[in-house]
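Chemist: Structure for the following, please:
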Amino acid sequence: MSKWRQIGGDMTWEKYGVVLARSNPEARQVDLVRIVPWMEHDREAAVTHGLYLVDETTVDTDDLSPDRRNVKEAMRSAGIDVDEWRTLAPEYQAEMVANHDGYEQSRSVDRLADALPDRPEDIQFHGQKETGELLEAYDDDMRREALEANFKTRLSFGQVPPLDAVTFALGGEAYEMELQGQDALAFEYAMAAAGASGDVSSPESFVETVRALADAPSPEDFVDAPAHVLSDWEERYGDPSDDEDGIAVVARRIASDMLGTIGFEWI
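Modeler: Model prediction:
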């Protein structure tokens, strides 16, 4: 059995789609997998179904005779004659038949790693050698494109995106953050002011935390501000009430950075 290789699509397969084939001469079959980003023909489906549509089928090479009716129709659709058909490798013949007859199975996934039939390193693509790390970058780019196509991503300063937009932007992954120094103090201060936990492990908690940071009050307006936080701030960074770099200003910047990381922008 041969390795999977690209027989359709262009160099930027991750953006516009790809057809992969694997020949199994012993079983006299060709396996096909077609991957198309939903953004190519239905931007809303990228949110409701998953980022990628995956079609799969297996074609018997005995069914690729140019005498068969469906093969003749497939050739006619492709604009080739019998002589040209006979010069094609079985993988390309199978693809034309599958395009005409349809694929047997379809599913939607959010990750290219779940769409590919094998490890990317073991698949022969037209372009560069692919890796799992590259696939994750492709997924991030596709999710960002779908986010911008389906949701408002440029928001008024302090406005928090709706939960469904944040849920899609996070892509089922827990948001991770590690704060130190000035940021850690500002974060603790904002959570104390809002009575929030500071959890970011779910879309709901992420929104709550961003809102708490965005609404952080000036120390003059926070009667029960934690004294140790303000004293640590003043000792290390100066006046916590500073209009340009005070503790509430830094808290709001953290909120802006969190949203920016997942694809939103305050203007």
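
Chemist: starting at the chain centroid, how far to the strand or helix carrying Val33?
Modeler: Per DSSP states H and E: Val33 is located in strand 29-37. Averaging C-alpha positions (C-alpha atoms, centre = their mean, to the nearest Å) puts strand 29-37 21 Å from its chain's average.

Chemist: Show me what it packs onto, helices and strands only.
Modeler: With contacts taken as 3 or more C-beta pairs under 8 Å, 6 or more residues apart in numbering; DSSP states H and E, strand 29-37 sits against helix 13-16, strand 18-24, strand 52-60, helix 90-101, helix 112-115. Bear in mind the C-beta positions are built from the backbone N, C-alpha and C, glycine included.

Chemist: Please, where are all the strands along the stretch 101-250 of the chain?
Modeler: Using DSSP state E, counting those that start in this stretch, the strands found in the stretch 101-250 of the chain span residues 105-109, 154-155.

Chemist: Tabulate those in CSV, adding columns for mean neighbour count and distance to Asp63.
Modeler: Shown next, in CSV, are those (neighbours: other C-beta atoms under 10 Å; distance: least, C-beta to C-beta, whole Å):
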stretch, mean neighbour count, distance to Asp63
strand 105-109, 14, 18
strand 154-155, 12, 53
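
Chemist: Tabulate the ones you listed (JSON lines), appending mean pLDDT.
Modeler: Shown next, in JSON lines, are the strands of the stretch 101-250 of the chain (pLDDT from 0 to 100):
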{"stretch": "strand 105-109", "mean pLDDT": "97"}
{"stretch": "strand 154-155", "mean pLDDT": "97"}
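
Chemist: closest to Thr261 out of those?
Modeler: strand 154-155 (14.5 Å; C-beta to C-beta).

Chemist: Burial check on Ala194, number of neighbours?
Modeler: 19 (other C-beta atoms under 10 Å).

Chemist: Revised request: answer the last question for Ala94.
Modeler: 27.

Chemist: follow-up on the earlier one: quick one, which of the helices and strands packed on strand 29-37 is nearest to Lys3?
Modeler: strand 18-24 (6.8 Å).

Chemist: What mean pLDDT does the closest one get?
Modeler: The pLDDT scores in strand 18-24 average 97.

Chemist: rewinding a little: residues contacting the strand holding Val33, please?
Modeler: Outside strand 29-37, the residues within contact range by C-beta atoms under 8 Å, 6 or more residues apart in numbering are 4, 8, 13-24, 46, 51-61, 90-91, 93-95, 98, 103, 112, 115-117, 142.

Chemist: hmm, 6 Å instead?
Modeler: 17-23, 52-60, 90-91, 94, 98, 115, 117, 142 (C-beta atoms under 6 Å, 6 or more residues apart in numbering).
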